[in-house]
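Visitor: need coordinates for the below:
(4 chains)
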2 protein chains.
Amino acid sequence: MAVTIYDIAREAKVGIGTVSRVLNNSPKVTTETRERVNVVAKRLNYQPHAFAQALARKRSNTLSAIIPFFTNYFFIEVLQGVQETLVPLGYDLIIHGVNNKGQMEEYLSKNVKKGRIDGTLLFSMELSDSLAQEFLERKIPLVLVDTYHPLFDSIRVDNVEGAKIATEYLINLGYKNIGMITANVRSVPAKERLMSFRSTLAANDMSIKEEYICSSTQEKNDGFNREAGYESMNQMIASNSELPDAIFVSSDIQAIGVIAALQEHGLNVPGDVGIISFDDVEFAKHFDLTTMRQPMYKMGELAVRKLLERIENNDIPVTLEQFIPTLIIRKSCELLTKK
Amino acid sequence: MAVTIYDIAREAKVGIGTVSRVLNNSPKVTTETRERVNVVAKRLNYQPHAFAQALARKRSNTLSAIIPFFTNYFFIEVLQGVQETLVPLGYDLIIHGVNNKGQMEEYLSKNVKKGRIDGTLLFSMELSDSLAQEFLERKIPLVLVDTYHPLFDSIRVDNVEGAKIATEYLINLGYKNIGMITANVRSVPAKERLMSFRSTLAANDMSIKEEYICSSTQEKNDGFNREAGYESMNQMIASNSELPDAIFVSSDIQAIGVIAALQEHGLNVPGDVGIISFDDVEFAKHFDLTTMRQPMYKMGELAVRKLLERIENNDIPVTLEQFIPTLIIRKSCELLTKK
DNA sequence: CTGAAAGCGCTAACAT
DNA sequence: ATGTTAGCGCTTTCAG
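Guide: Residues are numbered from 1 along each chain as shown, chains lettered A, B, ... in the order given. All right, here's what the predicted structure looks like:
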């Protein structure tokens, strides 16, 4: 059996109350007894029993993260940010990978009630109003990452600004006929990126050719997948005699499909068409993709801080933090001298 | 405040003992009272308090996983297997990503003592004898995944068999001059794969050209990285007038580097040289890599089952389970007609 | 400043 | 079959 405060109390010849005080750094203990207790605790190699503490304190020092497993790359980096900021603060993380919204809701509405969690991080999935209501009522701190709800803290990427940076980069490189391949526009990020692409082009007095804009109708991952990119590119090739000289693709993974389609038609990147995409997931560098990097690690870090703040004080006003993606220049676009 | 068994007891007009029995499916309750309690529990939307249960039961129903963050691809799939098998069984998972061995040891020897965990999964990292001793003494169930220690259950991939399959595939395709690019041979998997490559070639009466075997001296990830593959390939090109017609590379990520080096020298895959690698991580399919797939999901699944078995009964003998990798045929090798 | 005791929510042994 | 009670290990009053 593990060593408890009773053991320490006995050996140090004090009451368990005093032991507890020492262990929790209560000021009302003589330096002398404090010292004595500490020595014994160390000698016995004491570790507090997390559950007993949680029960007595009504606070578990553990957070949960609900993550759609299918987002793979993105989430692993965010998670690392989450981990590395919460562990030093004495928190533990319970993760729950879900594959669909039903699973998520089940988990949220059930497991969270068990009192084992001080707060929750919800990733990349839409929060329904009924669930939102439940969290509000139960007063369980919740912060959203890569998704949004007006009643909760949210941490997102500024898609509008990111798409603007990407588009301007293409323009400055000297590309004249720029197209866009976007995911399913029912997804918010896809919509925002497309919208910003259009307005940036307009702001720079560049014409927008509708034939050069192609959005996916795929359901799987909202069109953020390789096949969608492949299809879109093939479609664009089939219905145009001439292609754009550069394409802004709404995600790295789609860009892989786009490049494959291009190569099958004997077209090279960036020789024949320049490509810029979005995300900078792990493999992007293996493809030398120029892309807009989402600061995933930092998002995880901030998410934890926000959540902890809210656990301290749930009355602070709700915030929305937007990260600006940064341009990662690799080799899928080039400076056009024929400018 | 959340609803407790006292609330249920009051409403259902029974004692808390009865409530507890009903909730735990004890047989000694009348169907009638059972029904009554269940109805009230449902109406009150009762959820047991996990910590109180853990404290009383001396069992937490939570497992922990210690994972090196730098292995990225591999771990995310294993983790999914872990998750999906443990959640339906009523367990929770606390994950702890570590970046080095020191962190791992700190976590193991400290956090695990807190009594919040029923058992632990250790991934891809060597277990020191002193830590092994500690686990043994504390009787904390531990299973190792992708690593090995004689005193604990281990789940691994059979590198010898995998390398044999890969090599034989190359031979059957008609390749005559087969080389190998391996990671740092101080790593056990790299060593095993190389050894098996040699013996398979020998068993098939094929000559082994030492100039066609190149092992990395890199430290980073034991040479399982892109740069190592790139370097090795360049080195092989520099020191040979003629190249092998096919190369077995010890990991997908190295294969990416190998292909890059080849292309820089105007050589194509599989046209000029065929490539087969190992792992089948997520991006392998984007490169059309023919590779040996490690059944990651299944490994996670089995790891949980083993751990749970051991939690039930820690006296069963230690086992070692080896998974045979499966050949995934894509396009980085081809049937040679010039056979 | 410190010891004793109550209680966190639940399980399990003990009565009845 | 069901109610009662004693812990599980810790925090936190409440006395002193």
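Visitor: shouldn't A:Ile67 be in contact with A:Thr120?
Guide: No: A:Ile67 is not in contact with A:Thr120 according to C-beta atoms under 8 Å; the separation is 11.1 Å. Where C-beta positions appear, they are placed from N, C-alpha and C, glycine not excepted.
Visitor: contacting residues for the residue in the stretch 201-339 of chain A that chain B sits nearest to?
Guide: Residue nearest to chain B within the stretch 201-339 of chain A (C-beta to the nearest C-beta): A:Phe283, separated by 4.3 Å. Listed by C-beta atoms under 8 Å, 6 or more residues apart in numbering or on different chains, the contact partners of A:Phe283 are A:73, A:252, A:256, B:282-283, B:286.
Visitor: for A:Arg156, which non-adjacent residue is spatially closest?
Guide: A:Gln322 (5.5 Å; C-beta to C-beta, 6 or more residues apart in numbering or on different chains).
Visitor: tell me the spacing between the one you found and A:Leu127.
Guide: 18 Å (C-beta to C-beta, to the nearest Å).
Visitor: kindly report the same for A:Lys209.
Guide: Taking C-beta to C-beta, one finds A:Lys209 at 38 Å from A:Leu127.
Visitor: follow-up on the earlier one: between A:Ile67 and A:Thr120, which has more neighbouring residues?
Guide: A:Ile67 (25 against 22; other C-beta atoms under 10 Å in any protein chain shown).
Visitor: distance check, the more buried one against DNA strand C.
Guide: Relative to DNA strand C, A:Ile67 is positioned 27 Å away (criterion: C-beta to the nearest atom of the strand, to the nearest Å).
Visitor: do A:Ile275 as well
Guide: 56 Å.
Visitor: kindly state the beta-bridge partners for that residue.
Guide: Using DSSP bridges, the beta-bridge partners of A:Ile275 come out as A:Ile247.
Visitor: contacts only, for it.
Guide: A:246-247, A:249, A:255, A:258-259, A:269, A:289-290, A:332-333.
Visitor: just those residues: which are in helices?
Guide: The members of the contacts of A:Ile275 that map onto helices under DSSP state H are A:255, A:258-259.
Visitor: out of the residues you listed, which comes closest to DNA strand C?
Guide: A:Ala255 (51.0 Å; C-beta to the nearest atom of the strand).
Visitor: run through who's touching the lowest-mean-pLDDT helix or strand in chain A.
Guide: When the helices and strands of chain A are compared on mean pLDDT, DSSP states H and E, helix A:101-111 comes out lowest with a mean of 74. Contact with helix A:101-111 is made by A:64, A:66, A:68, A:96, A:98, A:117, A:120, A:122, A:125-126, A:128, A:131, A:134-135, B:47, B:92, as judged by C-beta under 8 Å, 6+ apart.
Visitor: buried subset of these?
Guide: A:64, A:66, A:68, A:96, A:98, A:117, A:120, A:122, A:125, A:131, A:134-135, B:47, B:92 (16 or more other C-beta atoms under 10 Å in any protein chain shown).
Visitor: tell me which other helices or strands whatever helix or strand comes next after the least confident helix or strand of chain A touches.
Guide: Sequence order places strand A:119-123 as the next helix or strand after helix A:101-111, per DSSP states H and E. Applying 3 or more C-beta pairs under 8 Å, 6 or more residues apart in numbering or on different chains; DSSP states H and E, one finds that strand A:119-123 makes contact with strand A:62-68, helix A:73-86, helix A:101-111, strand A:142-145, helix A:296-312.
Visitor: quick one, the least confident helix or strand of chain A and strand A:119-123 angle?
Guide: 180 degrees (axes from the mean of the first three to the mean of the last three C-alpha atoms, to 10 degrees).
Visitor: pull the distance from helix A:101-111 to the chain's centre.
Guide: From the chain centre to the centre of helix A:101-111 is a distance of 19 Å (C-alpha atoms, centre = their mean, to the nearest Å).
Visitor: hmm, that helix touching DNA strand C?
Guide: No: figure legend: helix A:101-111 not in contact with DNA strand C (C-beta under 7 Å from any atom of the strand); closest approach 13.6 Å.
Visitor: and that helix, C-alpha only, in PDB?
Guide: Written as PDB, here are the backbone C-alpha positions of helix A:101-111 (Å, rounded to 0.1, in the frame of the first residue of the first chain):
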ATOM      1  CA  LYS A 101     -20.200  14.200 -34.200                       C
ATOM      2  CA  GLY A 102     -22.400  11.700 -32.500                       C
ATOM      3  CA  GLN A 103     -19.500  10.300 -30.600                       C
ATOM      4  CA  MET A 104     -18.400  13.700 -29.600                       C
ATOM      5  CA  GLU A 105     -21.700  14.700 -28.200                       C
ATOM      6  CA  GLU A 106     -22.100  11.500 -26.300                       C
ATOM      7  CA  TYR A 107     -18.700  12.000 -24.800                       C
ATOM      8  CA  LEU A 108     -19.300  15.600 -24.000                       C
ATOM      9  CA  SER A 109     -22.700  15.100 -22.400                       C
ATOM     10  CA  LYS A 110     -21.800  12.000 -20.500                       C
ATOM     11  CA  ASN A 111     -18.200  11.800 -19.500                       C
END
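Visitor: what's the distance between A:Val19 and A:Ala12?
Guide: For A:Val19, the distance to A:Ala12 - C-beta to C-beta - is 7 Å.
Visitor: now do the shared contacts for those two.
Guide: Common neighbours of A:Val19 and A:Ala12 (C-beta under 8 Å, 6+ apart) are A:Val37.
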